[in-house]
Structures are given as structure tokens and as C-alpha cells.
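J.: I would like to see how this sequence folds:
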Amino acid sequence: MIDTSSSGASRHATAHHGWPLLRSLQGYRPSFLTHDLVAGFTLVAIAIPEQLATSRLGGFSPQIGFFAFLAGSLAFALFGSNRFLSSGADSTITPIFAGGLALLAISGSPDYAALAGALALMVGVVLVLGGIFRLGWVADLLSIPVTVGFLAGISIHILISQMPAILGLREPGGAMLERLATLVAQLPQANLFSLGIGLGVLALIALSERTDARIPGALIGLVAAAAATVFLGLESRGVAVLGEIPVALPSLAIPDIAVSRWLQLVPLALIVSIIVMVQTAATTRSFSPDPNQPPDVDRDFIGVGAGSLIAGMVGGFPVNSSPPRTAIVSETGGKSQLAILVAAAIVLALLAFGGNLLRHVPQAALGGVLLFVAMRIIRAGQIVAIYRQSRGELLLVLATAVAIIVLPIEQGVAIGITLSLLHGIWSTTRARVTLYERVPGTSIWWPCNPHIPGETQPGVVVAGFQAPLSFLNAYHFRNDMAALAQASTHPPRLIVLESTGIVEIDFTAAQLLSDTISACRASGAGFAIARLESERAQRAVERFGILPLLAKGQLFQSVEEAIKVCGGETTS
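T.: As a prediction, this is how the structure comes out:
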């Protein structure tokens, strides 16, 4: 999912792009303007209903979603790198921080809003520092199965949370499963008009998406739902609407909360920051404007982080990059961040002068928008692929999804991140020493395979290790090497370690490698290392004093060279 070479790529990109601000406008030509205007108008048609719905999902008033979009758009245009990326309120992280904040304050209360602003500032600081210190590798903490499970859990969470709006019922309290049980019990009381509006908007968006992703199905659905509500008098029949949106522009202020409350937000801020990093890295890599230049992931962290900083100071909440909105800008021919700024200007005008335009939009219509979002973020194809190709990792998908659904959502995400790290550690510990054979008629040595004929060299054992050599697997390495040295009826004269896969050697591994070499020498066998290509591993061999212990005191560029130089050597 995510390219692990982000830091190096970022350095390259930073060298290539010299502008400190408004980088996407570098080399801008007048002919781009028409493209950016078209992309901007298309984007705003998608963004307005999405930002409204996401704000509602988090328990905020509608204009707060617009504040988030303005903050994210302006900040990324100023500080980001990617020409297409759209930042703002996002349905992936909103359920996470909304669930965490609900444990600290009543949803919709002034305290809740202040905590959201403080959280946005903290997330912004983490993202900006992550970009400055080139922490793009943090985006790789979530494996694909865990990410798929995380998205599936978030999707179910959104579906359940929107059922009251779709059904025209009051919002139940309690844990997620308890809320679901309450909704099922209240089904006979559902408002059929609200249900029809929600499902109708969902169907319209799905049809538009299938026909052409550039068709603003969500906006069309909201307009149609609002018109039906007015002309059919549906408010009098129990259909809840947004009501008048306050006409007010955002003002800058730091949330005034106690120090203890800031400290309570630290774990949630770190979790949200990791998710934002993962999604931002994936988005900027997926929609790179120049395939010949690596994306500047770290710079984009700064752009998205600055958006959260501004959002926190205008009474908003953390923002995130949006893959669907970014795709719209890219697919409609946008050339720069000017397209996003055009959309932001329209939203700003709506805030300043159009408070009454959205008052008749039904809550069920926004629920329909979010139902479509929930259905879109489920990676059904990837789940099927994981099931077919790696059923063991399917457990990671299920465990992460269940944790997010059953537990408080921020705890579920933390469990998903932990599972991803543990899976990575477990995979590293499974690395074992493998015997190699020569491909007949060549000088190539290859891992033994029962389906591929190979040949060996009398008195020589060639083995490989396809993982970084660290404290996680060093003891297995030592034991496997000892077993190889003792497995043959005739003790080998030379053991060659094919080291292409050893990209790192830590202190513990270096000590055990030294012990292994000394044990081979004591048994009368030479020990050579071939094809140690990693510069870090080469420096480690020198730094830890391993080089003098090797046969001929040197590293070899190939197995054949090692055998030719050391094959007849016996040490004591």
C-alpha cells in the first residue's frame, strides 16, 4: 500500500522543488486557469455535502465542517507539495476522535468543541514535526490487512451511527452494539419519509458514481431532498432538517482548557496523527502529478498538519487528506492547488452570505451521503484477495474490525496499530537460515528447491539469511548455523553466508555472529560472508570487529569468489 522510501524520496523532491510556499504554483501558466476553475467548481459540488455530513458525523454544527475545509485547503495550498491533494474534514478520522472526545465531554457542548480544537492543534503539531524531521516511515506502521480491517470497522461504525438519521429515530446511547440493539428494537417507530430520503440520496449518489465520478450526485441529492421537504411539507411529518446555519466567518483563538485536559488528549492525538500520516502518504503517492519525481510525503505532512493547526484555532477539528476529493481534482484536469482554493472561496462565500440556502436539507439526506461513504471505504476486493492468498492475515482484518466495532473506537485503532507492529515483529522472528545450491552450469547460488535441480561443492556449505539480522532473530540464526555445521557427516572446510537479504546488523546480532564465526573456526572451518550489499550492514561488520574474524579478513562480492579464494582453507 505504501512505499517505504518516503524519506529519501522527500529529500530528492525537496531538492527539485525550491519554493518555500505555494509550491504547486511553481511554473504556473495562464493556460492552466481554465482547468483549475473547472476542477474547483467540480470539487466544491462534492465537498459541500461531504463536509456537512462529516461535521454531523462528529457531533458538530454544519459550519464547523466548512471551517475545517477552509483551514485544510488554505494551509495545504501554502505549505503542501502535491498539486491535487484536498485536505479538510474526513470521515475516516472523524469517528475516531469523536468517540474519544465523547468520553471526555458531552457531544455538541462548548467543552466538546474546545477539546476538539485542542486536539486539532496537537495533531497539527505532530504532523508538522513529522514533516520537519522526515518521519514518513511512520506511515508504514499499518500493514495492508490491518488497514483493511481498520477501514471495515470504521465503515460499520459509520453505518450504525447514521441509522438514527436515516430512520428518523432519536440517537441511542451506550456502546456501539448496545446502540445497534436499541435501534433494532425501535424499527417499528421508523419515519418512512426519512428512510425514503436517506435511501434515495444513497441510490442517487451510487448511480452518479457508477455513471461518472465527476457528476455531483451528493449535491444533487441534497438539493432534491431539500426541495421535496419544502414542497411536500415533510418537516411537519417528522423529517428533521439542518435548520439555519449561522452566518459567521471563523476567528482565530487558542482553546481555553486546563493543562490536565491537554494531557488527556495526548494518546488520542497520537492515534489520529498516525492515521492521518498513513492516509496522506497513500494519497500523495497515488496522485503524484509527476511520475518522474518521487512525491514529497514529508512536505505534505507539513501541509496537512498546518491545516489542523488553523482548524484548531478557528474552532474546528483535525483535518485529513481525502483520496476521493483528490481524485476529483486530478480527474477533472486540475493543474494546481488553485483548484482547491477556488472551491474554498465558494465555501467561504456560502458561509458569509448563504446561511439560509441549506436550512431545509434533511438530516436523513446527510445520512445517505455518509452511508455511501461507508460503503465506499470498505475494501471488499482486498478482503477477498487476503482470504484467497493469506488466510492467516485475514485474522488481522477481522481482529482489527471487531476491535473497532466492539471497543471504544480509539482503543480499537490502538489495538489495530499494535497488531500491525506485532505482525511485523513476528514476521521478522520467523526468518531462518536457508541452504543454497549452485544452479548447474552457472556461478549462481540459489536457495534449495525440490523442483529445481542444484549442485553443491564438496566441503563447502553455502547458506543465506533473508532478513535484517537483529536481536529478534539472532539466536535462531546462531542455532541454525551451528546445526548446518554439524549436519554433514564430514565437517565442512568452509561456510559461506550469502548475505543479500541482511540489510542491517544490530549489537546483539553482531555478538552472536561473532560467536558463530568463532565456533566455526574452533571446529576447523573457515567462515566467509558474500554479497553483503547493504552499506549499513558493511559498516556494522567493521564497527563491531567482525571483519578480522572472517576468512581472509574480507567480504566477497560473490559466493563463487569466496569459494575460489577460501575453499581449500582450514583454520584452527
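J.: only C-alpha atoms for contact and neighbour calcs from this point on.
T.: OK.
J.: not counting its neighbours along the chain, what's nearest Ala344?
T.: Closest residue in space to Ala344, ignoring its immediate chain neighbours: Leu70 at 5.6 Å, by C-alpha to C-alpha, 6 or more residues apart in numbering.
J.: ok, Gly27 - how many residues close by?
T.: Number of residues near Gly27 (other C-alpha atoms under 10 Å) recorded here: 6.
J.: return the distance of it relative to Phe79.
T.: Look at Gly27 and Phe79: by C-alpha to C-alpha, to the nearest Å, they are 16 Å apart.
J.: same question for Glu533.
T.: Counting by C-alpha to C-alpha - Glu533 and Phe79 are separated by 38 Å.
J.: neighbour count: the two, which is higher?
T.: Neighbour count, other C-alpha under 10 Å: between Glu533 and Phe79, Phe79 has more, with 23 against 16.
J.: phi first, then psi, for that one.
T.: Here is the backbone geometry of Phe79 (degrees, to the nearest 10): phi -110, psi -20.
J.: list the contacts for the nearest residue to it once chain neighbours are set aside?
T.: In space, and not counting its chain neighbours, Phe79 is closest to Gly303: 4.6 Å by C-alpha to C-alpha, 6+ apart. Shown in contact with Gly303 (C-alpha atoms under 8 Å, 6 or more residues apart in numbering): 75-81, 128.
J.: please repeat the previous calculation with a cut-off of 7 Å.
T.: Shown in contact with Gly303 (C-alpha atoms under 7 Å, 6 or more residues apart in numbering): 75-76, 79-80.
J.: quick revisit: tally of neighbours for the residue nearest to Ala344?
T.: For Leu70, using other C-alpha under 10 Å, the count is 26.
J.: same thing with Ser260?
T.: 8.
J.: adjust the sequence numbering to begin at 484 for everything that follows.
T.: Taking 484 as the first residue, the last one we looked at is Ser743.
J.: any idea of the mean pLDDT for the helix or strand where it lies?
T.: Using DSSP states H and E, Ser743 maps to helix 742-747. On average, the pLDDT along helix 742-747 is 95.
J.: what does stretch 788-804 give?
T.: Rounded mean pLDDT across stretch 788-804 is 96.
J.: look up how far Leu904 lies from Leu751.
T.: 18 Å.
J.: ignore the last one, Leu890
T.: 20 Å.
J.: element containing the residue nearest to Ala827, please.
T.: helix 545-562.
J.: who touches that helix?
T.: Contacts of helix 545-562 (C-alpha under 7 Å, 6+ apart): 504-505, 534-535, 537-539, 569-572, 728, 733, 785-787, 789-791, 793-794, 799-800, 802, 820, 823-824, 827, 830.
J.: only whichever of those are buried, select them in ChimeraX.
T.: Buried residues among the contacts of helix 545-562 (16 or more other C-alpha atoms under 10 Å), as a ChimeraX selection:
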select :505,534,535,537,538,539,569,570,571,572,728,733,785,786,787,789,790,791,793,794,799,800,802,820,823,824,827,830
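J.: and Leu751 and Leu904? Which one has more around it.
T.: Taking other C-alpha under 10 Å, Leu751 and Leu904 do not tie; Leu751 has more neighbours (22 against 17).
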